[in-house]
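J.: Here is a sequence together with a model predicted from it:
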Amino acid sequence: MNSLTLPSVVASDAEASPDTKQKVTKSRVQFDLPPRSMERLNNLKVKTEAASYAEVVKQAIRLYEAIIEDTESGRQLMIRDENGVISPYRLFL
């Protein structure tokens, strides 16, 4: 297994206003990934041109959170196939 340590950033007003310099609280997160998961993470980093694994994970968390919030609000995520057929995307929630 590979070990991965990522900084987790807690949002602050500094993100909303670049003129303001406030401290951003960070927490370190470490977890072990099997080789296949590490390969998937690396592939996502390359495909998205992310600067770090942490950036990939932070974006994934934001997307996952948005999908869960929309699903909880009664919305459905739809996907269109190559023939233009639209169907609900199956989520594992």
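T.: Perfect, thanks for sending it.

J.: Name the residues of stretch 45-56 that come out as buried.
T.: K45, A50, Y53, A54, V56 (16 or more other Cβ atoms under 10 Å). Just so you know, the C-beta spots here come from the backbone N, C-alpha and C atoms, and that holds for glycine as well.

J.: Let me know the closest of the residues you listed to V85.
T.: V56 (30.2 Å; Cβ to Cβ).

J.: Determine whether the claim that the closest one is in a strand is correct.
T.: No. Under DSSP: H, G, I helix; E, B strand; the rest coil, V56 falls outside any strand and is assigned helix.

J.: All further residue positions should be reported with the first residue as 534.
T.: Shifting the count to begin at 534 puts that one at V589.

J.: Is it correct that it is in contact with K580?
T.: No. If you go by Cβ atoms under 8 Å, V589 and K580 don't touch, sitting 9.3 Å apart.

J.: Alright, I will stop here.
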